[in-house]
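[1] Here is a sequence with its predicted model. Questions after.
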Amino acid sequence: MLLGIVVGLVVAGLALLAVQDLTQSRHAVRRVYPLVGRLRYLVEKVGPELRQYIVTSDLEERPFNRAQRSWVYQTAKGVNSAVGFGTQQDVGRPGQFHFLPSPFPTLHDEAPDDPRPHVIGPNRPRPFVTTSRINIAPMSFGALSAAAVRALSMGAADAGCYLNTGEGGLSPYHEEGGADLVFQIGPAKYGVRTPDGQVDWARLIEIGQRPQVRAIEIKVGQGAKPGKGGILPGAKVTQEIATIRGIPVGEPSLSPNRFTEFDSVTTLIDFVERVQRSVPVPVGLKVVAGDPAFLDDLARTRAEEGRGPDYLSVDGSEGGTGAAPVSLADHMGLPLHDAIVAVDDAYRRHGVRDQITVIAAGRMITGADVAYSLALGADLVNIGRGFLFSLGCIQALRCHTNECPTGVATQSQWRQRGLVPSEKRGRVSQYARAVQEDLITVVRALGLTSPAELTREHVEVVVAIGRRMRTSDLYPYPVPAISAFERRSA
């Protein structure tokens, strides 16, 4: 009797859905194929997951394939990440890079780790001495959950790397783990914002004095969306996030696409100098490479006037984000490798490369990825999505929906409960150390003792089938130009 009632209710429910499909006018497939047409939306919804685990090979997916994600998962868990049988890569495919190994590699005892800490802003009152080449890229609280930020902060402290706050302001979760922090200011000035959207200089000065805050970063552009401000859906703007950022609760947070304080290289550097006068720590810019004249102007101003940022953090166009317009994510800005060369070359041409730190970010996962960026001209790298994978991210591609199934990129308390910071901190630190060890392994194989010794001479790139070029030929080092100051002095 009960079974008959249940079956009857199910049939009645299906009949109602069929009538709804036949009579509605918005969806052609459902109108022509009632009930069956609904399966299209189910398959469409779970399609990415099905392709990720069943359909595609280990090397096919974007932005990160299964082989890359698996390497992060394994190293973060501290399990064997070695490969058997041989590489799966098509080593002759154009775009592949190959390091040129030394016949006399450096012994482990001769290069046990990176012996050369890097100093950012050596002339600042509080220079930042970094002990890790690999650090955590800007990712805001709001875009990420509190649990994710706490785990990143604790893991960064354990690994001795720094954590960039992203433009969403400085939260208690960033500070909780005790890691070195880089405080980022975006065009909306979240966290150092007056009610009318101007810089709260008193608040900025207070943040810049905190011992954990080791640098201030002014975000001019972001790789995944240059020319577009940050996007935080209203569903993610909780009371806590609204308080930290200084914005209304529950409303979409749309950052302006640029600062109103500057609109030229001259006014940009004026703004940088005002921040430098306000805080004792190094002050840098986050940029996306595009017009070479912009980079040349920055370098020339440093050479001729001694003014400018203490470091440049350069984002490649393949960089990640929680939400971005597809046209900007796909087609705006230079890819990372070209961007590194453009920045490095600009400062080399003007003879002031030693006066700037270059930090690179954009789709790096392994030590080989990092080594290639350093060889092209970077001093340090920021990794974002690799660290998200270490937290358990499965590349569900739902960062912008507040429905991240792993609790990484959501403000849903229910989804966040799956991410336990005390458990994940170890995975964050183990991944950071694994990339460092992978990097120094490459360095030893080249016969070097430090990543600081990597140059474009150490790598070849496949430019066409059967044709390779050393990167020093593909991207030749520029001849330093004679500055206007030197000409006047002569």
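    Good, I have the coordinates.
[2] Who are the packing partners of the helix or strand harbouring residue 8?
    If you go by DSSP states H and E, residue 8 is part of helix 2-23. On a contact count with 3 or more Cβ pairs under 8 Å, 6 or more residues apart in numbering; DSSP states H and E, helix 2-23 meets helix 28-32. No exception for glycine: its C-beta is placed from N, CA and C like everyone else's.
[3] just how off-centre is stretch 103-123 within its chain?
    24 Å (Cα atoms, centre = their mean, to the nearest Å).
[4] State the mean pLDDT of that stretch.
    Mean per-residue pLDDT for stretch 103-123: 87.
[5] May I have that stretch as CSV, with CA atoms only?
    What follows is stretch 103-123 as a C-alpha-only set of coordinates in CSV (Å, rounded to 0.1, in the frame of the first residue of the first chain):
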residue,chain,number,x,y,z
PRO,A,103,78.5,17.0,-16.6
PHE,A,104,79.7,17.8,-13.1
PRO,A,105,76.6,18.5,-11.0
THR,A,106,77.0,20.2,-7.6
LEU,A,107,77.2,17.8,-4.7
HIS,A,108,74.4,18.0,-2.0
ASP,A,109,77.0,19.0,0.6
GLU,A,110,78.1,21.9,-1.6
ALA,A,111,74.5,23.2,-2.0
PRO,A,112,72.4,21.8,0.9
ASP,A,113,69.8,24.6,0.4
ASP,A,114,69.6,28.1,-1.0
PRO,A,115,72.5,29.9,0.8
ARG,A,116,71.6,33.4,-0.5
PRO,A,117,68.6,35.1,1.2
HIS,A,118,67.3,37.9,-1.0
VAL,A,119,66.9,41.5,0.4
ILE,A,120,64.0,43.6,-0.8
GLY,A,121,64.4,47.3,-0.3
PRO,A,122,68.0,47.3,1.2
ASN,A,123,67.9,51.1,1.7
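[6] Counting neighbours, which bits of it end up buried?
    105, 106, 111, 114, 118, 119, 120, 121 (16 or more other Cβ atoms under 10 Å).
[7] and if you look at stretch 263-271?
    Within stretch 263-271, the residues scored as buried using 16+ other Cβ under 10 Å are 265, 268, 269, 271.
[8] Those residues in helices, which ones?
    Within the buried residues of stretch 263-271, residues falling in helices by DSSP state H are 265, 268, 269, 271.
[9] Out of the buried residues of stretch 103-123, list just those in strands.
    Within those, residues falling in strands by DSSP state E are 118, 119, 120.
[10] so which of those residues comes closest to residue 438?
    Closest approach to residue 438 among these (Cβ to Cβ): residue 118, at 18.4 Å.
[11] I figured the closest one hits residue 356, correct?
    No - look at residue 118 against residue 356 with Cβ atoms under 8 Å: they stay out of range, at 11.9 Å.
[12] closest to residue 307 among the buried residues of stretch 263-271?
    Of the buried residues of stretch 263-271, the one sitting nearest to residue 307 (Cβ to Cβ) turns out to be residue 269, at 5.3 Å.
[13] Do I have it right that that closest one meets residue 306?
    No - contact criterion Cβ under 8 Å: residue 269 and residue 306 do not qualify, at 10.8 Å.
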